[in-house]
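Participant: sharing a model that was predicted from the sequence below.
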Amino acid sequence: MIGRERETKRLRNLYHSESAELVAVYGRRRVGKTYLINETFKGSFTFRHAGLSPLELGELRGRSPLKKQLQHFYNSLLIQGMPRSRCPENWLDAFMLLELFLQSKDDGGRMLVFLDELPWMDTPKSGFITAFEGFWNTWGCHHNNLMAIVCGSATSWMTDKLINNHGGLYDRVTYEIRLEPFTLRECEAFFKGKRIKISKYDVVQSYMICGGIPYYLNYYEKGLSLAQNIDQMFFGPKALLKNEYERLFTSAFSNPELTRSIVELLSAKSSGFSRAEISEKTGISKGGTFSDALNALEVSGFVMKYTPFGMKKNDNRYKLMDPFCIFYLKFVRNKDALTDSFWRQNINSQEVVSWRGFAFENVCLNHIMQIKEALGISGVSSKQSVWIKRPEDEKEGTQVDLIIDRNDGVVNMCEIKYYNSHFSVDKRYHEVLMKREGLVEESIKKGRAVHSTLITTYGLKYNEYSGDFDNVVTMDDLFGK
């Protein structure tokens, strides 16, 4: 298993504790939650069950969603050794059957229960949460040899209804793991593990398209170029990820249409939109449902909420961060007659070159810790944001790709450049850089310093203007721990 050392170690420690453990594992769809638990506890499960997805429920006609979930749960009990009885009619009865089953298996050793995709089981008006509360509070937490792992891709459900529950499950989760996508370093290790020969430059491009999502990376084939792999995954009538975009929202969000409309708006502008702008442009009123959708996208890692440098919290903006969604919406969705060699044919087009520049900015935002380590400020508290300076009177406006606002009296003004060679500063860019630095200096308090910082692939070419940058962070630095 690539990466996940910290998570694996912690899960094993919890397994060997002498207390009842209720562990919540959550994260974006396809990030590897189920794989992590399967690999860590292979052969150790007393009972395991996975809820039926909303897509599967839609394909099963006849019974209500609740009855389908209950039948599926009952079938899992039968398959794993429970004597045949009667299918439960509600979740209270279902968890009572689980208690009886676990009692029959209890020999004093550790019992491990794994309930995968827990949010899917909570169908409308099912009483699932109340029943789960009863199971854990009345029986589960009193058995020190029980470890229950609950898992879900609907991150907002996991955080709101389980981890931050203010009712019967308040403070009952003993440990939580938010599983993050792979870093560039882990992506590189993944490819090496599959014996796929790929340069760091192409690993970065892969991250721009698939993020650090192991499920997507697993589709890469040995012996094919990056462009060939991308064509196979996204383009042509038999594309491997052809239906993934729609499934993302159906599986992870309670209101997939609303969240999808927000994502599609945010994809149109790299710096994002304010809450008011999103409401206005999508036509969604600023009520509780709208707030829930924004929060769900944020906690799931699809969207980043940030305060632009020098502005107040009321000026927060929402920026789309999910590489897969950005790539899919720009190059795949609603495109007519895409050939199965589209990416190979357009790899050097202006549209693709322009996209790489914005996509690399997101790569950097997802590797802030590595950037801070390269700058020697990993222990310094900071805030990160994009800076947008609108034109005022006769003054020109500008935008800075990344601002690292540090509490040690320094502001790193970061220029992010994705080049296939060393970046060179010419006279024109020197003048732009000096203007930007001056505008940032006007916006900060006296006594603070601005450090112009270049983040690029292969470094900076030495010339008369190369001294404009105080620091240079390269692609190799982004592959740090």
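Facilitator: All right, it came through fine.

Participant: got a list of contacts for stretch 188-198?
Facilitator: Applying Cβ atoms under 8 Å, 6 or more residues apart in numbering, the contact partners of stretch 188-198 are 2-3, 182, 200, 203, 206, 214, 217-218, 220-222, 226, 479. C-beta: built from backbone N, CA, C; applies to glycine.

Participant: name the nearest residue to residue 226, sequence neighbours excluded.
Facilitator: Excluding its sequence neighbours, the residue lying closest to residue 226 (Cβ to Cβ, 6 or more residues apart in numbering) is residue 202, at 4.5 Å.

Participant: end to end on stretch 120-138, go ahead and measure it.
Facilitator: Its start and end residues considered, stretch 120-138 measures 23 Å (Cα to Cα, to the nearest Å).

Participant: ugh, wrong one, stretch 233-240
Facilitator: Stretch 233-240 stretches 5 Å from its first residue to its last (Cα to Cα).

Participant: what's the answer for stretch 440-448, then?
Facilitator: Stretch 440-448 has an end-to-end distance of 11 Å (Cα to Cα).

Participant: circling back to that earlier point, among the contacts of stretch 188-198, which two are most distant?
Facilitator: 221 and 479 (22.7 Å; Cβ to Cβ).

Participant: compare those two (neighbour count), which wins?
Facilitator: Neighbours were counted for residue 221 and for residue 479 using other Cβ atoms under 10 Å; residue 479 has more, 19 against 11.

Participant: assess the claim that that one and residue 370 are in contact.
Facilitator: Yes - between residue 479 and residue 370 there is a contact at 7.4 Å, judged by Cβ atoms under 8 Å.

Participant: give me the common contacts of the two.
Facilitator: Common neighbours of residue 479 and residue 370 are listed as residue 184 (criterion: Cβ under 8 Å, 6+ apart).

Participant: how much space between the residue nearest to residue 226 and residue 356?
Facilitator: Distance, residue 202 to residue 356, using Cβ to Cβ, to the nearest Å: 12 Å.

Participant: let me know the average pLDDT across stretch 45-53.
Facilitator: Computed over stretch 45-53, the mean pLDDT rounds to 96.

Participant: return the set of buried residues in it.
Facilitator: For stretch 45-53, the buried set under the neighbour-count rule, 16 or more other Cβ atoms under 10 Å, comprises 45, 46, 47, 48, 49, 50, 51, 52.

Participant: each with direction, which strands does the helix or strand hosting residue 387 pair with?
Facilitator: Per DSSP states H and E, residue 387 falls inside strand 382-389. Strand pairing for strand 382-389, using DSSP bridges, gives strand 398-406 (antiparallel).

Participant: walk me through the domains of the protein.
Facilitator: 5-178, 184-239+332-361, 245-330, 368-478 (automatic domain parsing).

Participant: of all the buried residues of stretch 45-53, which comes closest to residue 290?
Facilitator: Checking those against residue 290 by Cβ to Cβ gives residue 51 as the nearest, at 26.8 Å.

Participant: contacts only, for the closest one.
Facilitator: Residue 51 makes contacts with 69, 72, 115, 116, 117, 118, 119, 120, 121, as judged by Cβ under 8 Å, 6+ apart.
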